[in-house]
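1. predicted structure and sequence below. I'll ask about it afterward.
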Amino acid sequence: IKTMKVYCVLCAVVAAFIVVGCSSQSFTEAEGAAVDDPADNWWRSGVVYQVYPRSFLDACEPHCTGTGSLKGIESKIPYLVEDLGIEAIWISPVYDSPMKDFGYDISNFTSISPMFGTMKDFDSLIATAKKNNLRVLMDFVPNHSSNKHPWFINSASSTNSSHRDWYVWKKGTVNSTTGERLPPNNWRTMFCPDDKCYGWTYDNTTDEWYYHCFLSQQPDLNWRNPDVVEAMHDVLRFWLRKGVDGFRVDAFPNILEDPKFRNEPIDPSWHGDPIRDGYGKLLHYYTENVDGLHGIVRGMRKVLDEFGKDKVLIGEIYADKVVTEEDVISYYGTEAEPEFSMPFNMELIGFFDFTSPFDPTVRNNPRNASKFISMVNSYQQSLPRWAQPNFVLGNHDVHRIASRLNNTNLTMAANTLLLTLRGTPTVYNGDEIGQKNGFVPKSRAQDPNCKIDPKGLRCRDPERTPLQWNTTNANAGFSGKGVKTWLPVSKDYIKTNVADQMGDPNSMFALFSNLLRIRKWTPELNMGSYIPVDVVPIPNDMQHKDSVAAFGRGRNDDTTIAYLVVANLGEVPVGVDASNAAPSSTNKDVDVFVVFDSLKPSSFNTSSTVPTTISNIPMSASQTVVLRLITHPSTSMHVLAIVIGSSIGAAIVIIAIAMYVRSNSQRTRNNKKKYTRVNNEQFD
């Protein structure tokens, strides 16, 4: 009987839930249930923050040097994790190096440059990162070494040396008229020192030339030599044993060269200065994206897999006149045989700029939202279902986003898009406060490009000036008072610095920290589906037609939009009709709630309805908003659902009562038989 009573109570509870469930949509259903985030896939939901160590923070231990250090990075891990909300950092090179290219000319792949600290400092950084659940990625530079590396010193010592074939050597020619020595072919260097722009340097000792895609002090390694492959794989293993979580692979398309050493054709559309723009004079069919690269990245992937499936491999691959977008995507590999976890997608860098990143004669319009959304839709749709998208707005090789756009509101709108698109975002240090390019006079130039053309787009010193932490001294808290820093600190630190922005609820820092937290706790925004949405500006005229765009985010692979991101990249306010984001059924209504506003980053909430209707969302100029859409049945369907739910619930209750009555009747009959039997026995 007790069991039957419990059963009846349960039936009644189930019936009540059916009625309530039919009469309203639960918050969990509207918001989306939590999605499993296995440790192996942490990089699919996290945010990567690039640390340029030389400019990040001088810890001044044991004394100030004017250069960032590993201890400086470690000391800011609480800032990165707790204040900003970052899940992973990518550290640019900190290896032993003569610093001809700021650490990308490596003389020892498995040691730490004294400029940044010691291996003990590195181990301490890794330990602190792990305690704070912060992943650490290293910069892996496979294309070349320094000419001071023992491998190259041995290679250049003799044509019969043990490491001779570890680099790319070739006999040159001699001009029969002038007697001038000439390189083996017309391959060029990215860092043209003169109008000849040779990608080859002559070695008098062996009477041969060695190839270098970058500086002459950065000879290219020969990845067709199995010994080189195994040595570089061992470099990966060394740092994986140290506890790193993966690598960003530098200059990946340049790793292989044409084995026939054919001349590269001239680009018929080329124009520009023969030194500053000299590399672009040729189409690099024989030094870029050469057949065999897929095998190389698969080899790297196998090494990482030796240490677990949670290790990440990110490729630096720019689409250009040789490398197509399809080529970039091909380096994901296949689901059965993956290659890069993510090849970097640099499209946003090119879009959010008024000029082409490396060609001032090419004009862009970063306010053309139609072009933006078309680009993003094409990229999302071109990826295999299992592949993880990614987006980048800045890095150490391009001018800062805040300087490229030179408009705070537009920069905030762009950063909001970066953090809400489906995929893994990468943030360059300093962009979280909207730091701009610093001014570096030619007398203090460090980058080889800046020494040639300090105002050119290829000059990289401006985006590398020290991070602006506070106003405690003229070095912006990056280093000690009166210390000469490796690059000058921008005078803009007075009004743009971390300390002040952390106390400003509507700052760029507030945008990043608040939106990163929303992203972290909202499955649809960090792991959800991407849903293209067509929107219409109000008024729909020539002035506004290309200024607005939108996209939806859903749960997992669901095509129902839970969150709608709307952007007005234009210079004037406009209304937006986003009715297409609503469910197609006419039997559903939509409530619209503002979750985040790029112009008011401190006012994020999920309770106040600002837009009155999805068919006319008011947008200010240079604004991106994140809206939560909650769908529920229309009134007539709502009533019908309640009637049906109530009927089902009543039926369950009636059945339960009938079973209870039947049980009681059976019990009465049994008791009567038992009573009769007992009485008969007494009379006998």
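-> Nice, I can see it.
2. lowest-pLDDT helix or strand in this structure?
-> Lowest by mean pLDDT, DSSP states H and E among the helices and strands of the chain is helix 27-31, with a mean of 33.
3. give me the element the residue lying closest to Q380 once chain neighbours are set aside is part of.
-> Of all residues not flanking Q380 in the chain, Y530 sits nearest, at 4.9 Å (C-beta to C-beta, 6 or more residues apart in numbering). Where C-beta positions appear, they are placed from N, C-alpha and C, glycine not excepted. Using DSSP states H and E, the element containing Y530 is strand 529-533.
4. which positions within that strand qualify as buried?
-> 529-531, 533 (16 or more other C-beta atoms under 10 Å).
5. coming back round to it: helix or strand right after the least confident helix or strand of the chain?
-> Beyond helix 27-31 in the direction of the C-terminus, DSSP H and E gives the next helix or strand as helix 42-45.
6. just checking, next helix/strand downstream of that following helix?
-> Secondary structure here is assigned by DSSP H and E; on that basis, the next helix or strand after helix 42-45 toward the C-terminus is strand 48-51.
7. straight-line length of stretch 190-204, end to end?
-> End-to-end distance of stretch 190-204 (C-alpha to C-alpha, to the nearest Å): 23 Å.
8. show residues contacting it.
-> Residues outside stretch 190-204 that contact it (C-beta atoms under 8 Å, 6 or more residues apart in numbering): 156, 170, 172, 181, 183-185, 187-189, 208-216, 219, 274-276, 278-279, 281, 287, 448-449, 452.
9. and if you look at stretch 71-79?
-> Counting contacts by C-beta under 8 Å, 6+ apart, the residues outside stretch 71-79 that touch it are 51, 53, 56-59, 61, 89, 91, 117, 121, 124-125, 128-129, 132, 134, 498.
10. pLDDT on that stretch, on average?
-> pLDDT averaged over stretch 71-79 equals 98, rounded to a whole number.
11. what about it, distance to the chain center?
-> Computed by C-alpha atoms, centre = their mean, to the nearest Å, the separation of stretch 71-79 from the middle of its chain amounts to 21 Å.
12. quick check: end-to-end length of it?
-> Stretch 71-79 has its terminal residues 14 Å apart, counting by C-alpha to C-alpha.
13. and the residue nearest to Q380, what does it touch?
-> Contacts for Y530 (C-beta under 8 Å, 6+ apart) come out as 380, 389, 421-422, 551-553.
14. name the nearest of those relative to N568.
-> Closest approach between these and N568, by C-beta to C-beta: F551, at 13.9 Å.
15. need phi/psi at the closest one.
-> When quoted as degrees, to the nearest 10, the phi and psi of F551 stand at phi -150, psi 160.
16. list the contacts of it.
-> By C-beta under 8 Å, 6+ apart, the contact set of F551 is 373, 376-377, 421, 530-533, 564-565.
17. just N409 next, same as before
-> With contact taken as C-beta under 8 Å, 6+ apart, N409 is in contact with 598-599, 621-623.
18. from these, which is closest to V398?
-> Proximity of those to V398 (C-beta to C-beta) peaks at S622, which lies at 21.1 Å.
19. mind checking the SS state of the closest residue to the closest one other than its chain neighbours?
-> Once flanking residues are discounted, S622 sits nearest to N409: 3.7 Å by C-beta to C-beta, 6+ apart. At N409, secondary structure determined by DSSP: H, G, I helix; E, B strand; the rest coil is helix.
20. tell me where the stretch 301-450 of the chain is predicted with low confidence.
-> The stretch 301-450 of the chain contains residues with pLDDT under 70 at 356-360.
21. quick one, strands of it?
-> For the stretch 301-450 of the chain, the strands defined by DSSP state E, counting those that start in this stretch occupy 312-315, 342-343, 355-356, 359-363, 390-392, 424-428.
22. repeat that for the stretch 101-250 of the chain.
-> Counting by DSSP E, counting those that start in this stretch, the stretch 101-250 of the chain has these strands, from start to end: 108-112, 135-140, 169-170, 173-174, 181-182, 200-203, 208-211, 246-249.
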